[in-house]
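J.: please work out how this folds:
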Amino acid sequence: MRDTFPTQLRLAGRTLELGPFPLIMGIVNVTPDSFSDGGAFLDPHRAVEHAVQLVAEGADWLDIGGESTRPGATPVPLDEELRRVIPVIQGLMSKTDTPISIDTYKPEIARAAIKAGAQIINDVTGFRDPAMVDLAAQTDAGCVVMHMRGTPADMMERTNYENVVAELIDYFGERIDRLTRAGVERERIILDPGIGFAKTRPDNLRLLHRLDEFATLGRPILLGASRKRIIGEITQRGNEGRLFGTIATSLWGYLRGAHLLRVHDVGPTRDALVMIRAIEEEGSQ
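T.: Now for the predicted structure:
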């Protein structure tokens, strides 16, 4: 599964190696209302410190976001989102060379973030905005293409799938074609099935179970299920009690071919991956 993917991922100005061990994306929410850690890192200095700590714990990538996209969330004004994320990206430039993605669907925010030093655009709307497609082509940025119907405010009213896996494969095929026709190289594209975004609990479980089927698209798959509602529903845990469920989900994603894992708890996730990888390697001797 993982061996069928490309071995390299091109970002603006650099290349990341995609080996058998998944890359870990550390989440830095610079928001007051994110579902899990809203408000914890709203201060830019605290956000930078947190990001540096995630790198120390083993993060290969930092994902900076200034607007919550939880179900029911409302948009943040451009100037406020800029005020939240740009100082954090700028502050990290002198502290780490770890790749940084900007978690936004707004071209204006993405452009400013790339100017500040970000190298990847992580767009929950899957580059729905033609201006975001143009920006990706112009800047040579990496592109995380997520699947979501509608907006965070109404996405849970848009969960009428006949075959969620087949429909997402078709969607990603169309998105890859749209981006490459605009001038974005395939080597810069990552796909995220969007666990919890416009999907019911059965939809999410089917996507996780059949994650390996996305390998037919020939692009790396990012799994972002950390502390999500589905984990809380199944384990009957609140936000702060979802670590073990998140680790189990991350390990499942790894075994099903995910090349990147987007998580809040970097250290525990890396330890679990190191352990399972050691078992795999010894067992194959």
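J.: quick one, helices of the stretch 51-200 of the chain?
T.: 78-93, 107-116, 130-139, 164-182 (DSSP state H, counting those that start in this stretch).
J.: need these in CSV (columns: distance to residue 65).
T.: C-beta here means a position set from N, CA and C on the backbone, and glycine is covered the same way. Supplementary listing: those in CSV, determined by distance: least, C-beta to C-beta, whole Å:
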stretch, distance to residue 65
helix 78-93, 7
helix 107-116, 10
helix 130-139, 15
helix 164-182, 20
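J.: just name the most buried of those.
T.: The highest average neighbour count among the helices of the stretch 51-200 of the chain, using mean count of other C-beta atoms under 10 Å, belongs to helix 107-116 at a mean of 21.
J.: list the helices and strands that helix packs on?
T.: helix 78-93, strand 100-103, strand 120-123, helix 130-139 (3 or more C-beta pairs under 8 Å, 6 or more residues apart in numbering; DSSP states H and E).
J.: ok so, going back, would you mind giving the helices of the stretch 51-200 of the chain as CSV with mean pLDDT and distance to residue 63 added?
T.: Below are those laid out as CSV (pLDDT from 0 to 100; distance: least, C-beta to C-beta, whole Å):
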stretch, mean pLDDT, distance to residue 63
helix 78-93, 95, 11
helix 107-116, 98, 11
helix 130-139, 97, 16
helix 164-182, 98, 19
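J.: residue 200: which of these is closest?
T.: Residue 200 sits nearest to helix 164-182 of all the helices of the stretch 51-200 of the chain, at 8.8 Å, using C-beta to C-beta.
J.: if we can go back for a sec, looking at the helices and strands packed on helix 107-116, spot the one closest to residue 16.
T.: Across these, closest to residue 16 is strand 120-123 (C-beta to C-beta), at 9.7 Å.
J.: then the closest one to PDB, C-alphas only?
T.: Below are the C-alpha coordinates for strand 120-123, written out as PDB (Å, rounded to 0.1, in the frame of the first residue of the first chain):
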ATOM      1  CA  ILE A 120       2.100  24.300   2.000                       C
ATOM      2  CA  ILE A 121      -1.600  25.200   1.600                       C
ATOM      3  CA  ASN A 122      -3.900  23.000   3.600                       C
ATOM      4  CA  ASP A 123      -7.400  23.800   2.200                       C
END
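J.: quick one: low-confidence parts of the stretch 1-150 of the chain?
T.: Along the stretch 1-150 of the chain, segments meeting pLDDT under 70 span 1-6, 33-42.
J.: cutoff 50 now
T.: Residue ranges of the stretch 1-150 of the chain with pLDDT under 50: 1, 33-35, 37-39.
J.: quick one on the thing from earlier: for the helices and strands packed on helix 107-116, give me CSV that also has distance to residue 211.
T.: Converted to CSV, those look like this (distance: least, C-beta to C-beta, whole Å):
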stretch, distance to residue 211
helix 78-93, 29
strand 100-103, 21
strand 120-123, 19
helix 130-139, 25
